[in-house]
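Student: Here is a sequence together with a model predicted from it:
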Amino acid sequence: MHSIAIHGGAGTLPRAEMTPDREAAYRTGLEAALDAGYAVLDRGGSSVHAVATAVRILEDDPLFNAGRGAVLTHEATVELDASIMDGEHLAAGAIAGVWHVRNPIELARAVMEHSPHVMLIGAGAEEFALARGLTLVPNDYFKTETRKAQLRRVLVGDTRPANELSALGTVGAVARDRAGNLAAATSTGGMTAKRYGRVGDTPIVGAGTYADNKYCAVSATGHGEYFIRVAVAHDICARVAYGGISLAAAADAVVMDRLAKMGGEGGIIAIDAAGQVVTSFNSEGMFRGACSSDGKREVAIYRDR
Ligand code: ASP
């Protein structure tokens with residue numbers, strides 16, 4: 001079975017503030033990414049290409065916290081992190097603290113496919129993007145009015161719930177292709193008002209992203225400081241590998257128990273070696289979608305819809 005799952009971040013707007021128009025816009029964005037990623041798999045493309053395609057579309061959508069529309073740092077700049085992993089070869093590429101690369105997931109993929117390294121940061125990562133011919137844009141390209149307003153609220157000490165203010169809207173995808181290869185990709189602007197130079201879980205292989213053909217592929221979203229300490233994505237895979245438990249049980253043990261007990265809000269999407277999709281989140285909602293060759297196609301935001 002070939003299948004793909006995507007997410008557009010945990011910590012959605014509280015239900016009371018989700019108007020029908022807003023909800024429709026989010027669903028349309030998720031569907032566009034899901035369908036484009038699935039189309040790659042359907043015509044025999046690789047899982048790496050499918051997850052990169054889906055994430056790129058979400059990066060370009062200003063509603064989500066990645067690429068254009070990413071959240072702002074304390075200094076009102078945008079700093080982007082991303083990673084991708086190929087579960088067939090355990091190859092990975094990651095970038096952090098990037099200011100001008102229009103599609104950070106493409107740069108992460110270039111690091112994986114065209115450099116001997118796994119992670120590049122800051123100026124070195126941007127030089128590499130230039131050398132690879134990727135599109136660079138001014139930092140202002142990423143900033144939207146919504147994100148500027150969110151930052152202003154945080155800076156004046158607004159006490160609304162953290163998930164509303166930080167708008168955890170990281171994006172990610174996991175997929176299994178027709179050849180049985182798994183891949184995962186994740187991209188983010190991090191958290192609103194983060195300190196300049198702060199790096200979250202998203203570009204850290206084993207925390208925000210992991211893929212191993214034998215067990216699973218995982219992409220995470222949530223409060224990165226917790227996800228790094230729990231090594232969420234790798235912990236889920238390791239529980240499947242060493243514990244012989246199902247991916248669903250492993251994901252819930254990490255997200256609903258271990259992370260939740262520490263106060264780490266967020267969730268994951270994952271796919272097992274057979275292509276079954278699993279989601280788990282301890283936040284009120286998580287923007288997500290899944291599509292598989294057995295005919296299932298679903299987009300959801302809250303627990304029940
Ligand atoms: N995990 C991301 C980070 O901490 C944030 C998110 O998922 O929205 O950078």
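Tutor: Okay, I see it.
Student: Any residues of the stretch 201-305 of the chain in contact with the ligand? List them.
Tutor: Contact residues, the stretch 201-305 of the chain versus the ligand (Cβ under 6 Å from any ligand atom): 201-202, 208, 221-224, 227. Backbone N, C-alpha and C define where each C-beta goes, glycine included.
Student: Now that we have these, which of them are buried?
Tutor: 201-202, 208, 221-224, 227 (16 or more other Cβ atoms under 10 Å).
Student: Can you list which of those are found in strands?
Tutor: Those of these mapping onto strands are 221-222, per DSSP state E.
Student: send the alpha carbons of the helix or strand where Ala33 lies over as PDB?
Tutor: Element membership for Ala33 (DSSP states H and E) is helix 20-42. This file holds the C-alpha atoms of helix 20-42, laid out as PDB (Å, rounded to 0.1, in the frame of the first residue of the first chain):
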ATOM      1  CA  PRO A  20     -16.300  28.400   9.100                       C
ATOM      2  CA  ASP A  21     -14.300  30.600   6.700                       C
ATOM      3  CA  ARG A  22     -11.000  30.000   8.600                       C
ATOM      4  CA  GLU A  23     -11.600  26.300   8.800                       C
ATOM      5  CA  ALA A  24     -12.400  26.100   5.100                       C
ATOM      6  CA  ALA A  25      -9.100  27.900   4.300                       C
ATOM      7  CA  TYR A  26      -7.100  25.500   6.400                       C
ATOM      8  CA  ARG A  27      -8.800  22.500   5.000                       C
ATOM      9  CA  THR A  28      -8.200  23.700   1.400                       C
ATOM     10  CA  GLY A  29      -4.500  24.200   2.200                       C
ATOM     11  CA  LEU A  30      -4.200  20.800   3.700                       C
ATOM     12  CA  GLU A  31      -6.000  19.100   0.800                       C
ATOM     13  CA  ALA A  32      -3.800  20.800  -1.800                       C
ATOM     14  CA  ALA A  33      -0.600  19.500   0.000                       C
ATOM     15  CA  LEU A  34      -2.100  16.000   0.600                       C
ATOM     16  CA  ASP A  35      -3.300  15.500  -3.000                       C
ATOM     17  CA  ALA A  36       0.000  16.700  -4.500                       C
ATOM     18  CA  GLY A  37       2.000  14.400  -2.300                       C
ATOM     19  CA  TYR A  38      -0.300  11.500  -3.000                       C
ATOM     20  CA  ALA A  39      -0.100  12.100  -6.700                       C
ATOM     21  CA  VAL A  40       3.700  11.700  -6.600                       C
ATOM     22  CA  LEU A  41       3.200   8.300  -4.900                       C
ATOM     23  CA  ASP A  42       0.400   7.200  -7.300                       C
END
